[in-house]
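> Have a look; sequence and predicted model below, questions after that.
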Amino acid sequence: MGALPKRKISKSRRDRRRAHDSIKTFHLVRCSSCGEMKRSHHMCLECGSYKGRQVLPVVED
């Protein structure tokens, strides 16, 4: 025999437990090289620069 709950967990108790499970939004800043919005402390996905240095070559489409 497995362990079974003695009482039903109410919706409010269940939802309070899940309050921290929501997806958080990213903090966005403007890239100093190209001006596009990017995540802070991450390289820019548009121009490939990070902290003023070019870390990825720019691919023209």
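Looks like it arrived, so ask away.
> If you drop the residues flanking it in sequence, what lies closest to residue 43?
Taking CB to CB, 6 or more residues apart in numbering, and ignoring the residues beside it in sequence, residue 43 has residue 50 as its nearest neighbour in space, at 3.9 Å. Heads up, the C-betas are built off the backbone N, CA and C, glycines and all.
> Give me the phi and psi angles of the one you found.
Summarising the backbone geometry of residue 50 under the convention degrees, to the nearest 10, its torsions are phi -150, psi 120.
> Please report how far it lies from residue 14.
42 Å (CB to CB, to the nearest Å).
> Equivalent analysis for residue 57, please.
For residue 57, the distance to residue 14 (CB to CB) stands at 50 Å.
> can you tell me which residues contact the closest residue to residue 28 other than its chain neighbours?
The spatially closest residue to residue 28, leaving aside those adjacent along the chain, is residue 37, at 4.6 Å (CB to CB, 6+ apart). Under the criterion of CB atoms under 8 Å, 6 or more residues apart in numbering, the contact partners of residue 37 comprise 28, 29, 30, 31.
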